[in-house]
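**Q** can you look at this prediction? I've put the sequence above it.
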Amino acid sequence: MEDKNFQELVDIVRRLRVECPWDREQTHDSIKQNTLEETYEVIEAIDDKDYEELRKELGDMLLHVVFHSLIAEKEGTFKLNEVIDGIKEKLIRRHPHIFGDVKAEDTKEVLKNWEAIKLEEGRENLLAGIPKNLPSLARAYRLQEKASKVGFDWENKSDVWKKVIEEIEELQSIEDSGDMAKIEEEMGDILFALTNYSRHLNVNPENALRFTNEKFIKRFTYIEERLKEKGIKITESNLQEMDKYWEESKKAL
């Protein structure tokens with residue numbers, strides 16, 4: 001049934017690429033932003049634990065896999081079957097503890113083997129596979145995670161926290177210097193160190209900040225709604241009044 005459903009999807013997209021003017025005009029570049037947006041919509045559905053929405057968004061993501069593959073097929077660069085064959089071969093090759101005779105007793109050993117295999121496949125260096133277009137916080141997390149897999153890591157999270165404090169003190173020592181390039185560099189060091197500390201707490205900082213952003217939106221919207229009820233525009237309010245509703249929002253939401 002799955003094979004039949006998948007083939008029907010491919011046939012539908014293939015027909016759209018021929019008969020629909022919009023679908024026919026699309027390229028990898030023209031839909032790449034849509035592909036990115038679908039990824040974020042999948043993440044949002046997971047965050048909301050909305051599994052009906054997740055089902056729909058995964059369908060949209062699958063559509064993009066098929067769409068990009070059929071664009072490539074027409075351009076003569078690769079075919080959909082090659083995409084499928086490639087990921088099958090990769091999964092088998094990178095799981096020798098399942099499909100071969102390699103022993104891996106725990107997740108740490110599995111991940112270390114995974115990185116070694118990628119280097120054997122021709123990866124230029126350990127960090128080369130991390131996308132440059134990742135959000136910077138997520139990229140920092142992945143860089144540190146990759147380095148950790150081969151043993152380049154702090155042994156104690158208390159030492160990681162000391163590094164955070166050290167970076168904060170370095171920023172404080174130059175914040176009034178007027179040297180914006182240096183200030184920006186030190187702020188980056190703080191964020192990088194905090195990301196590392198998050199990792200040692202088993203917290204994904206990108207997820208943590210995303211949840212905090214949503215919390216801020218809810219609380220600030222609460223302020224606006226309370227002011228609106230009193231006939232006051234938020235631009236006409238003051239910090240004292242807004243802060244009162246902010247504290248109220250913490251109990252209400």
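**A** Here it is on my side, so go on.
**Q** for the rest of this, base every contact and every neighbour count on C-alpha atoms.
**A** Fine.
**Q** need the residues that contact the helix or strand of the chain with the lowest mean pLDDT.
**A** Least confident helix or strand, the chain: helix 107-120 with a mean of 82, by mean pLDDT, DSSP states H and E. Residues from elsewhere that reach helix 107-120, judged by C-alpha atoms under 8 Å, 6 or more residues apart in numbering: 93-95, 97, 104, 125-126, 149-150.
**Q** got it, and stretch 20-32?
**A** When contacts are defined by C-alpha under 8 Å, 6+ apart, stretch 20-32 is touched by residues 16-18, 68, 71.
**Q** ranking by neighbours, what's the top pick from these?
**A** The most crowded member of those, judged by other C-alpha atoms under 10 Å, is Ile71 (22 neighbours).
**Q** what's the distance between it and Gln7?
**A** 16 Å (C-alpha to C-alpha, to the nearest Å).
**Q** try Val18
**A** 17 Å.
**Q** buried set for stretch 179-189?
**A** Buried residues in stretch 179-189, defined by neighbour count with 16 or more other C-alpha atoms under 10 Å: 183, 186-187, 189.
**Q** pull the residues that contact the very next helix or strand once past the least confident helix or strand of the chain.
**A** As assigned by DSSP states H and E, the chain's next helix or strand after helix 107-120 is helix 136-149. With contacts defined as C-alpha under 8 Å, 6+ apart, helix 136-149 is touched by 108, 111-112, 115, 126-127, 130-132, 153, 191-192, 195-196, 199, 204-206.
**Q** show the buried residues in those.
**A** Those of these that meet the buried threshold are 111-112, 115, 126, 153, 191-192, 195-196, 199, 204-206, by 16+ other C-alpha under 10 Å.
**Q** chain neighbours aside, what residue packs nearest to Arg14?
**A** Leu70 (7.0 Å; C-alpha to C-alpha, 6 or more residues apart in numbering).
**Q** let me see the contact set for the one you found.
**A** Neighbouring residues of Leu70 by C-alpha under 8 Å, 6+ apart: 14, 79-80.
**Q** buried ones in stretch 107-127?
**A** Those would be 110-115, 117-118, 126, for stretch 107-127 by 16+ other C-alpha under 10 Å.
**Q** pick out whichever of those sits closest to Lys244.
**A** Leu111 (49.0 Å; C-alpha to C-alpha).
**Q** how about low-confidence regions in the chain?
**A** For the chain, the stretches flagged by pLDDT under 70 are 1-2.
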